[in-house]
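1. Structure of the sequence below:
(chains A, B and C)
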Amino acid sequence: MKRYLENVRSRMPLIHNITNYVTVNDCANILLACGASPIMADDQNEVEEITGICGGLNINIGTLNSRTIESMLKAGKKANQLGHPVVLDPVGAGASRLRTETAFRIMQNIKLDVVRGNISEIKALAGCASTTQGVDANIADKITEDNLDETVRFAKAFAEKMAVVVAITGAIDIVCNRQTVYVIRNGHPMMAAITGSGCQLSAMIAAYITANPQSVLKATAAAVCAMGLAGECAFSRMSNLDGNSSYRNYIIDSIYNMTPEQLDKGAKYEVR
Amino acid sequence: MKRYLENVRSRMPLIHNITNYVTVNDCANILLACGASPIMADDQNEVEEITGICGGLNINIGTLNSRTIESMLKAGKKANQLGHPVVLDPVGAGASRLRTETAFRIMQNIKLDVVRGNISEIKALAGCASTTQGVDANIADKITEDNLDETVRFAKAFAEKMAVVVAITGAIDIVCNRQTVYVIRNGHPMMAAITGSGCQLSAMIAAYITANPQSVLKATAAAVCAMGLAGECAFSRMSNLDGNSSYRNYIIDSIYNMTPEQLDKGAKYEVR
Amino acid sequence: MKRYLENVRSRMPLIHNITNYVTVNDCANILLACGASPIMADDQNEVEEITGICGGLNINIGTLNSRTIESMLKAGKKANQLGHPVVLDPVGAGASRLRTETAFRIMQNIKLDVVRGNISEIKALAGCASTTQGVDANIADKITEDNLDETVRFAKAFAEKMAVVVAITGAIDIVCNRQTVYVIRNGHPMMAAITGSGCQLSAMIAAYITANPQSVLKATAAAVCAMGLAGECAFSRMSNLDGNSSYRNYIIDSIYNMTPEQLDKGAKYEVR
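-> Residues are numbered from 1 along each chain as shown, chains lettered A, B, ... in the order given. Sure, this is the predicted structure:
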């Protein structure tokens, strides 16, 4: 895992983010924390140029609107032309037709490298019957040891059909392409008590795969391990008075302070 | 007060927020802190569906624009159809015609359950001569022990005329319907030194009344007490080096850690 | 330097910000921290009125779009009519034609008091060949002791041509009009690891010059010293576990706690 983080820190990829206004500041700070640089730009008249000066693109459909949807498509096409990696975070896919259809439009029109979402969002994209409850995964959908095998099969089928690396994050994380699966057991339940841990991870995945273009699957798994490990480190420093707001800061702090060695040692994954 | 918080934690209401981009992240985190779940969505093509999957709606007109105003109205009408509770936070009403008129349009077209603002904003909505100075209450308007009786009469008249529960927050908070008044003396002056404590409270009121639909007045008073108490708890842990940014985190942390018993014990209110 | 901070605290200027959604919350909190009040409003139908009730205007083109560009121009013209000071932060000028041209449109149509940017952005505005790499200064552009004299000459020429005070911030900060230059050596390299320290400084400059209308150059220099000093103070309280997210909070906290005496004592500048 180590080398993928080392490459982010040494190559300092510049990431273009078209993302929601809820968690945008955290996305910018976590990109800086991991060694990358953020730029946020969502106007149709500049997104292609901004994508052009960046190394990778992170598209997040939370708080999407008709204006920004067009920008996402333009930026994505430009990134494809330039051979830049593209991450899609389909926030709330399944919660509204607009979100589901926008995610489909993006998947149909843009070659994506990684799609990261919770299980409800990915099921919605796969055309499953799951109804996303807001931006969090349905309880019925949650990945557990009991349904892990089934979820892994689903994830591989999705990855194959869409020709992407898929990262399904939750209590257990699954990162896979059509052949190889990383089952990741980093993280802490308290991560569900802050807004934007998923958005932050998607931004960080964009940084990892931009810095490691030959190893998209492994770099994505490394980013997922790093985020989960940061959630663990952050929890371990919580005082009795600290709550979710301090925890949010501590997670970003942990990404900032994470050494390649720490990631190697702390990453808990199995390859299937 | 206790049961209202307990119900938020056990029922975990999903709250649709159409809110400003200044304090939106804090609103999301405080909703998670109190036990609710946030979703932010403001595009006309999805707000009705999003309202449909949520339990309550929080409309906040800070950084409103022509696009989001229509979304507020659409979402509000849908919430009314579904019988979902609706909170209005008329940020900056009185500071511009657009804000005042938008607040009026919302009040005329949507049945609101709670309106929460500072005294200047509520006076502007009542058609008083107050000129809101930005997003903070005018000094001349501030609620003090001297003008409390008068302000209580004003609040009750406003609540009756608008058929809402009104929450006027400041150094002393007033929560009332046309008959019953809660005068609340929780809080700390330093809360005025952070942006968004009012926005956060409005979001939290939406969570409290959604989880306690039969007790809108009392649940609103409980949320106001909880916010004020969090301001007190947060202040008590401040170090010499901490300032308003740490204080902001500590307030959300305090909401996260607040037990029903703590709220019962710490709530300082009289019923008139 | 002392008196400029004292005036912010005693006059409590209300600052209208049309700014990006990435760092807007930090801008609001740092304005409160220094003693000013923020209001954010970007709809064309209200910006003139909002500017009218404020004392100063801060225009920041990060995440600009066609809707907000018009609002920036309207608000700027109104501020000019009223004789209110105006600050421009040309975030990312040089990174896209839209940003560069918008900055030019603003400079041509609005009388600005202060332009604050990094060296790459200011070079782009001066028509130099610098290509801005995202929102951070190019390494090739960085201000060092070696190129300081040259950069000072450039800054003075820019200030004269544009008839503004220019603040070029980086490892060494330069604040000047056509005649007088402040070379400021406050700050800490870690400030580059958080998003928005520049945006926050621009907002704070707006507060300082609004509270000190007769001393725009000196008040700008004082704000730049204050921000750099806050970066130093914040760094000095970092624990081993703290990272860029805690650092962000500590910077705002340091501005909140900064006394006029502390600023006087800590400001490191020479006047040329």
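
2. Could you use CA atoms for every contact and neighbour count after this?
-> Fine.

3. burial count for the residue in the stretch 51-200 of chain A positioned nearest to chain C?
-> Using C-alpha to the nearest C-alpha, the single residue of the stretch 51-200 of chain A nearest to chain C is A:Ile53, 6.8 Å away. A:Ile53: 17 surrounding residues under other C-alpha atoms under 10 Å in any protein chain shown.

4. next one: A:Glu150
-> 11.

5. Then A:Tyr269?
-> As a burial measure, A:Tyr269 scores 18 neighbours (other C-alpha under 10 Å).

6. So for it, what's the nearest residue that isn't a sequence neighbour?
-> A:Ile184 (4.3 Å; C-alpha to C-alpha, 6 or more residues apart in numbering or on different chains).

7. The stretch 151-272 of chain A against chain C: which residues are in contact?
-> Contact residues, the stretch 151-272 of chain A versus chain C (C-alpha under 8 Å from any C-alpha of the partner chain): A:249-250, A:252-254, A:256-257.

8. Name the surrounding residues that touch the longest helix seen in chain A.
-> Using DSSP state H, we find that the single longest helix of chain A is helix A:216-236. If you take C-alpha atoms under 8 Å, 6 or more residues apart in numbering or on different chains as the criterion, helix A:216-236 is touched by A:1-2, A:4-5, A:113-114, A:165, A:167, A:173, A:175-177, A:182, A:184-188, A:190-191, A:201, A:204-205, A:208-209, A:212, A:247, A:250-255, A:258, A:263, A:266-269.

9. Relative to chain C, which residue of chain A is the closest?
-> A:Asp253 (3.9 Å).

10. near chain B, which residues of the stretch 1-150 of chain A show up?
-> Residues of the stretch 1-150 of chain A lying near chain B (C-alpha under 8 Å from any C-alpha): A:21-23, A:62-66, A:95-99, A:133-135.

11. who wins for most neighbours among those?
-> A:Val22 (29 neighbours).

12. The residue minimising distance to the centre of chain A: what's it in contact with?
-> Closest to where the C-alpha atoms of chain A average out (C-alpha atoms, centre = their mean) is A:Ser202, at 2.1 Å. The contact partners of A:Ser202, taken as C-alpha under 8 Å, 6+ apart, are A:58, A:87-89, A:116.

13. Work out for me the element it sits within.
-> helix A:197-211 (DSSP states H and E).

14. wait, doesn't A:Asn65 sit right on B:Val47?
-> No. Using C-alpha atoms under 8 Å, A:Asn65 is not in contact with B:Val47; the gap is 10.7 Å.

15. so what sits against both of those two?
-> By C-alpha under 8 Å, 6+ apart, A:Asn65 and B:Val47 have no common neighbours.

16. ranges for the strands of chain A?
-> With strands called from DSSP state E, chain A shows them at A:14-18, A:37-40, A:56-60, A:86-89, A:114-117, A:165-168, A:173-176, A:181-184, A:269-271.

17. can you list the ones you listed in TSV and add mean pLDDT?
-> Listed next are the strands of chain A as TSV, based on pLDDT from 0 to 100:
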stretch	mean pLDDT
strand A:14-18	98
strand A:37-40	98
strand A:56-60	98
strand A:86-89	98
strand A:114-117	98
strand A:165-168	98
strand A:173-176	98
strand A:181-184	98
strand A:269-271	98
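
18. Nearest to chain B within chain A, name that residue for me.
-> Distances between chain A and chain B by C-alpha to the nearest C-alpha are smallest at A:Gly243, namely 3.9 Å.

19. need the contact list for the residue lying closest to that residue once chain neighbours are set aside.
-> Excluding the flanking residues, the one nearest A:Gly243 by C-alpha to C-alpha, 6+ apart is B:Asp253, at 3.9 Å. The contact partners of B:Asp253, taken as C-alpha under 8 Å, 6+ apart, are A:241-246, B:33, B:234.

20. try A:Asn17
-> A:38-41, A:57-60, A:203.

21. Repeat the analysis, applying 6 Å as the threshold.
-> A:Asn17 is in contact with A:40, A:57-58, counting by C-alpha atoms under 6 Å, 6 or more residues apart in numbering or on different chains.

22. Among these, name the buried ones.
-> For the contacts of A:Asn17, a burial check counting by 16 or more other C-alpha atoms under 10 Å in any protein chain shown picks out A:40, A:57-58.

23. hang on, the earlier thing: got the contacts of A:Asn17 as CSV, with distance to chain C columns?
-> Shown next, in CSV, are the contacts of A:Asn17 (distance: C-alpha to the nearest C-alpha, whole Å):
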residue, distance to chain C
A:Met40, 6
A:Leu57, 13
A:Asn58, 15
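
24. would you list the residues you listed in TSV and tack on distance to A:Leu82?
-> Formatted as TSV, those follow (distance: C-alpha to C-alpha, whole Å):
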residue	distance to A:Leu82
A:Met40	19
A:Leu57	11
A:Asn58	15
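
25. Tell me the one among these nearest to B:Ala103.
-> B:Ala103 lies nearest to A:Met40 out of the contacts of A:Asn17, by C-alpha to C-alpha, at 31.3 Å.

26. Do you know the pLDDT at the residue lying closest to A:Met204 once chain neighbours are set aside?
-> Spatial nearest neighbour of A:Met204, chain neighbours left out: A:Leu31 (5.9 Å); criterion: C-alpha to C-alpha, 6+ apart. Predicted confidence (pLDDT) for A:Leu31: 98.

27. now do A:Gly134
-> Note on A:Gly134: pLDDT of 68.

28. Helix A:197-211 and the longest helix of chain A, what's the angle between them?
-> Helix A:216-236 runs at 140 degrees relative to helix A:197-211, counting by axes from the mean of the first three to the mean of the last three C-alpha atoms, to 10 degrees.

29. The strands of chain A into a markdown table, with extra columns for distance to C:Leu14?
-> Below are these laid out as a markdown table (distance: least, C-alpha to C-alpha, whole Å):
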| stretch | distance to C:Leu14 |
| --- | --- |
| strand A:14-18 | 31 |
| strand A:37-40 | 27 |
| strand A:56-60 | 34 |
| strand A:86-89 | 38 |
| strand A:114-117 | 41 |
| strand A:165-168 | 46 |
| strand A:173-176 | 47 |
| strand A:181-184 | 50 |
| strand A:269-271 | 53 |
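
30. Quick check: which of those strands is nearest to B:Ser197?
-> Of all those, strand A:37-40 comes closest under C-alpha to C-alpha, at 26.6 Å.

31. Quick check: which helices or strands does that closest one pack against?
-> Counting contacts by 3 or more C-alpha pairs under 6 Å, 6 or more residues apart in numbering or on different chains; DSSP states H and E, strand A:37-40 is packed against strand A:14-18.

32. in its sheet, what does the strand it packs on sit against?
-> strand A:37-40 (parallel), strand A:56-60 (parallel) (DSSP bridges).

33. Output the ones you listed as a markdown table; include the columns distance to B:Thr220.
-> Converted to a markdown table, the strands paired with strand A:14-18 look like this (distance: least, C-alpha to C-alpha, whole Å):
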| stretch | distance to B:Thr220 |
| --- | --- |
| strand A:37-40 | 38 |
| strand A:56-60 | 34 |
